[in-house]
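# make a model of this:
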Amino acid sequence: MAELSKNEMLAKLRGFSTPTVGNIVATYPSNPHCLGLYDQWSGRWYTDQSVHCIFPEMGRRVGYAFTMVFSVPDPEHPSLSFMDLIDNLWKAKKPSIVVCQQVYPPEIFNRAGLFGGQFTALLKACGVVGVVTDGPSRDIDEMRPLGIQYIMSGVTPEHGDFSLRAMNVPVSVAGMDVSPGDMVHMDENGACKFPADRLADICRNIDAFSEEEAAQAEALLAAKTLEEIRTAWLNRV
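Okay, here's the model as predicted:
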């Protein structure tokens, strides 16, 4: 079988859910199709329940991580400009998924509606297809028609002054540690990461794993006796 191009591999993974991709990344290390790239529990390779998908009807996204950190203004740490952000986003690998860590005092963390309609329009212009962030946002009525998928903590109508503290640095968002250039897969279940150089390996293994799961589910649903149910379950790889 001919090797898939990068775009073909990305398109292929959009056909699978994030949990299915995670099955190959690390969830089932005893399965021969699982790459075991991280420790299942302590590897910090997927998001936790503190965030959720805002537009599940938009479906899945997969792309290269562009990382950023926002915080409150601090005279000792001058803010990077949005011109810096635009220049770096434009040069980032495409398709891009922004992974943004928000560092605010606890009393305002849940009130900082950082991403909104204008910011999303800027991201769209720069080739971003998804955003994973640990804080809330606003303007979801303006964001929705732009087609960028969002995973975040929720919504709030406003924000105060903020500072772009860093770009293209390691970040930690909702239990997932991400470095610039990591591959991120996201859908209504959350997001997971994996090294971009393992994209082909994941594409190569995901069909066989999914076919095995589908066969087991079919056997379970067709089972009529306790023994048939037990056999179907024990036959999993």
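
# parallel or antiparallel, which strands does the one helix or strand residue 172 maps to pair with?
In this assignment (DSSP states H and E), residue 172 forms part of strand 171-173. Here strand 171-173 is paired, per DSSP bridges, with strand 176-178 (antiparallel).

# span of stretch 25-32 from start to end?
12 Å (C-alpha to C-alpha, to the nearest Å).

# contacts for it, please.
Contacts to stretch 25-32, defined as C-beta atoms under 8 Å, 6 or more residues apart in numbering, come from residues 19, 23, 34-40, 43, 45, 192, 194, 202, 209, 237. Bear in mind the C-beta positions are built from the backbone N, C-alpha and C, glycine included.

# which secondary structure elements does the longest strand seen in the chain contact?
Longest strand in the chain, counting residues (DSSP state E): strand 61-71. If contacts are counted by 3 or more C-beta pairs under 8 Å, 6 or more residues apart in numbering; DSSP states H and E, strand 61-71 sits against helix 6-13, helix 82-91, strand 96-103, strand 128-133, strand 163-167, strand 171-173, strand 183-187.

# okay if I get these as a markdown table plus distance to residue 58, mean pLDDT and mean neighbour count?
Shown next, in a markdown table, are the helices and strands packed on strand 61-71 (distance: least, C-beta to C-beta, whole Å; pLDDT from 0 to 100; neighbours: other C-beta atoms under 10 Å):
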| stretch | distance to residue 58 | mean pLDDT | mean neighbour count |
| --- | --- | --- | --- |
| helix 6-13 | 16 | 96 | 15 |
| helix 82-91 | 20 | 96 | 14 |
| strand 96-103 | 13 | 97 | 24 |
| strand 128-133 | 9 | 98 | 26 |
| strand 163-167 | 25 | 95 | 18 |
| strand 171-173 | 19 | 98 | 21 |
| strand 183-187 | 9 | 98 | 26 |
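
# the ones you listed: which one's closest to residue 72?
strand 163-167 (6.4 Å; C-beta to C-beta).

# run the chain-centre distance for that closest one.
20 Å (C-alpha atoms, centre = their mean, to the nearest Å).

# tally of neighbours for residue 78?
11 (other C-beta atoms under 10 Å).

# how close does it get to residue 23?
Per C-beta to C-beta, to the nearest Å, residue 78 is found 44 Å from residue 23.

# chain neighbours aside, what residue packs nearest to residue 140?
residue 155 (5.9 Å; C-beta to C-beta, 6 or more residues apart in numbering).

# residue 55 versus the one you found, what's the distance?
Taken as C-beta to C-beta, the span from residue 155 to residue 55 is 12 Å.

# of these two, which one has the most company?
residue 55 (17 against 14).

# wait, that one touches residue 152, no?
No: under the criterion of C-beta atoms under 8 Å, residue 55 is not in contact with residue 152, lying 10.6 Å apart.

# state the helix or strand in which the residue nearest the centre of the chain lies.
Of all residues in the chain, the one closest to the mean position by C-alpha atoms, centre = their mean is residue 191, 3.2 Å from it. Assigned by DSSP H and E, residue 191 belongs to strand 190-194.

# hang on, the earlier thing: which residues touch the residue nearest to the centre of the chain?
With C-beta under 8 Å, 6+ apart, residue 191 has these contacts: 18, 46-47, 132, 151, 176, 184-185.

# what lines up beside the longest strand of the chain in the sheet?
When DSSP bridges is applied, strand 61-71 pairs with strand 96-103 (parallel), strand 163-167 (antiparallel), strand 183-187 (antiparallel).

# and the protein, what are its domains?
Domain ranges of the chain: 16-37+199-237, 44-194, per automatic domain parsing.

# those into CSV, with extra columns for distance to residue 7?
Shown next, in CSV, are the domains of the chain (distance: least, C-beta to C-beta, whole Å):
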stretch, distance to residue 7
domain 16-37+199-237, 11
domain 44-194, 9
